[in-house]
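Q: Kindly generate the corresponding structure for this input.
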Amino acid sequence: MVILMNNILIKKIKTKLDQSITLVGLMGSGKSSVGRLLANELDWPFIDSDAEIVTQAGLSIPEIFESKGEAYFRELERDILKNLTAQDDLRVIGTGGGAFMNDKTRDYIKDKTISVFLQAELDTLIKRVGSGAGRPLFKDQSPTVVLAELIDLRYPRYKEARILVDTKDETPQETLNRVLQALYNDLPSV
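A: Numbering: from 1, shown residues only. Next up, the predicted model:
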């Protein structure tokens, strides 16, 4: 029954949607996994903004933070997201956790795409990110402490997104179902 319902929602969404979709949220919220599933369902490309940054910089994200600093990373992130959101081709864009914190980047996302905040509870995020190996924000710090601080700092901004989906402790497919329903509910009733 869920598959049939999704097919109906997807068909209606595809016929009415005229903007790309940008997923925002903390690391571990499902932006990449749910984003890929959503893009697949809509037959759109999935673009991971962090992967675009790595390609353009020729460095991994930890290397960018280490050699060029976070300010350089955020500037590059802003430029890439400005470019991605300005394109007419419909796509699903997964952002890095800090992208929506930059005023200009947030404005690009909100003005040019349908922004979807994938909200997750602290316990769920901790379960998903594990030790946080390879994540610059966890360098020499406990993932639990960092994530708790990021929730306090970032969730008020993330809630400026057009759509909020609580991801709960569930599979990416279950979150996809909630995203599809939220997108459908957001469609104009014309």
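
Q: And the strands in this structure, which stretches?
A: In the chain, the segments counted as strands under DSSP state E are 20-24, 46-48, 92-94, 113-119, 163-166.

Q: Rebuild those as a markdown table, extending it with distance to residue 174 and mean pLDDT.
A: For the C-beta atoms, the positions are set from N, CA and C on the backbone; glycine is no exception. Compiled in a markdown table, the strands of the chain are given as follows (distance: least, C-beta to C-beta, whole Å; pLDDT from 0 to 100):
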| stretch | distance to residue 174 | mean pLDDT |
| --- | --- | --- |
| strand 20-24 | 16 | 96 |
| strand 46-48 | 19 | 96 |
| strand 92-94 | 18 | 96 |
| strand 113-119 | 12 | 97 |
| strand 163-166 | 11 | 96 |
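
Q: Put together JSON lines for those, with mean neighbour count on each row.
A: Output for the strands of the chain, formatted as JSON lines (neighbours: other C-beta atoms under 10 Å):
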{"stretch": "strand 20-24", "mean neighbour count": "27"}
{"stretch": "strand 46-48", "mean neighbour count": "20"}
{"stretch": "strand 92-94", "mean neighbour count": "27"}
{"stretch": "strand 113-119", "mean neighbour count": "23"}
{"stretch": "strand 163-166", "mean neighbour count": "18"}
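
Q: Redo those as a markdown table? Include distance to residue 139.
A: As requested, these are exported to a markdown table (distance: least, C-beta to C-beta, whole Å):
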| stretch | distance to residue 139 |
| --- | --- |
| strand 20-24 | 23 |
| strand 46-48 | 22 |
| strand 92-94 | 23 |
| strand 113-119 | 24 |
| strand 163-166 | 29 |
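
Q: can you tell which of the ones you listed is closest to residue 147?
A: Evaluated with C-beta to C-beta, those place strand 113-119 nearest to residue 147, the distance being 12.8 Å.

Q: Direction included, what does the closest one pair up with?
A: In the sheet containing strand 113-119, the strands it pairs with under DSSP bridges are strand 20-24 (parallel), strand 163-166 (parallel).

Q: Tell me the gap between the first one and the middle of its chain.
A: Here strand 20-24 shows a centroid-to-chain-centroid distance of 6 Å under the convention C-alpha atoms, centre = their mean, to the nearest Å.

Q: The shortest one now?
A: The offset between the C-alpha centroid of strand 163-166 and the centroid of the whole chain comes to 11 Å, using C-alpha atoms, centre = their mean.

Q: Just the CA coordinates for that strand, please, in CSV.
A: Backbone C-alpha positions of strand 163-166 (Å, rounded to 0.1, in the frame of the first residue of the first chain) are rendered in CSV as follows:
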residue,chain,number,x,y,z
ILE,A,163,9.2,22.4,5.1
LEU,A,164,10.1,20.6,8.3
VAL,A,165,10.3,16.8,8.4
ASP,A,166,11.0,15.0,11.7
